[in-house]
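1. how would this look folded up:
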Amino acid sequence: MTRTATITRNTKETRIAIDLDLDGRGRADVKTGIPYFDHMLTLFAVHGFFDLTMQVDGDLEIDAHHTVEDTGLALGMAIADALGDRAGIRRYGLAVTPMDETLAEVALDLSNRPYLVYNFPDHRVRDGNFDAWLAREFFQALSVKAGMNLHINVRYGENDHHIIEGVFKSLGRALDQAVSIDPRIEGVRSTKGVI
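-> Model prediction:
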């Protein structure tokens with residue numbers, strides 16, 4: 001069974017092309033026009049063992065918001081497409097990742113019931129760059145299109161880079177668990193018989 005997806009999403013604000021292989025080796029070629037975001041998406045792919053190729057052209061002359069949010073939408077679409085009917089997947093994932101002074105936790109359920117819980121340290125401030133609020137837009141869009149109940153809890157941390165990096169690494173690790181095939185599961189992992 002091949003669990004791959006190719007997504008093209010074009011709007012007046014962004015043009016996005018994604019190739020995703022859920023059963024990859026962690027190879028990434030990501031170009032969003034936002035170097036820090038490229039770095040975070042690469043970490044997600046490497047730590048989740050996903051092969052991810054992504055080309056994003058957005059209206060960065062305005063700001064990064066459209067590019068980041070639309071990338072979340074397109075990546076969520078790719079995950080959902082690659083999963084198909086979600087038969088045989090473990091469905092749940094949990095990862096806690098230390099990153100220097102930061103401890104980031106991601107728990108998720110590929111339930112097709114999108115929801116985002118997003119808890120960051122209180123001292124977060126908008127700095128005009130890639131920050132916690134912009135990252136939240138990505139995670140919200142991703143959870144909606146992937147059909148993912150996504151809980152992000154940063155227990156503590158001071159450095160913005162470390163906090164966001166810890167979250168992206170945890171997301172990759174948790175999603176790797178959730179999409180893993182378990183031979184004990186017949187159909188989908190739900191008492192309803194459908195996800």
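
2. so who does residue 195 touch?
-> Going by C-beta atoms under 8 Å, 6 or more residues apart in numbering, residue 195 touches 85, 86, 91, 110, 111, 112, 147, 188, 189. Placement of C-beta: from N, CA and C, glycine included.

3. Which among those residues count as buried?
-> Among those, those classed as buried by 16 or more other C-beta atoms under 10 Å are 86, 91, 110, 111, 112, 147, 188, 189.

4. how close does the third one get to residue 90?
-> Spelled out, that is residue 110. For residue 110, the distance to residue 90 (C-beta to C-beta, to the nearest Å) stands at 9 Å.

5. quick one, phi psi at residue 69?
-> Backbone torsions of residue 69, given as degrees, to the nearest 10, read phi -60, psi -50.

6. which residues does residue 118 contact?
-> Taking C-beta under 8 Å, 6+ apart, one finds 136, 139, 140, 152 in contact with residue 118.

7. Of the residues you listed, which pair is most distant in space?
-> 140 and 152 (10.4 Å; C-beta to C-beta).

8. Which of those two has more residues huddled nearby?
-> Neighbour tally, residue 140 and residue 152, criterion other C-beta atoms under 10 Å: the higher count belongs to residue 152, 23 against 19.

9. In the strand or helix carrying the more buried one, which of the residues would be classed as buried?
-> Assessed by DSSP states H and E, residue 152 sits inside strand 149-156. Within strand 149-156, the residues scored as buried using 16+ other C-beta under 10 Å are 149, 150, 151, 152, 153, 154.

10. I'd like to know how far the last one sits from residue 166.
-> In this case it means residue 154. Relative to residue 166, residue 154 is positioned 7 Å away (C-beta to C-beta).

11. how much space between the residue lying closest to residue 86 once chain neighbours are set aside and residue 23?
-> Nearest residue to residue 86 in three dimensions, chain neighbours excluded: residue 195, at 4.7 Å (C-beta to C-beta, 6 or more residues apart in numbering). To residue 23, residue 195 is 19 Å away according to C-beta to C-beta.
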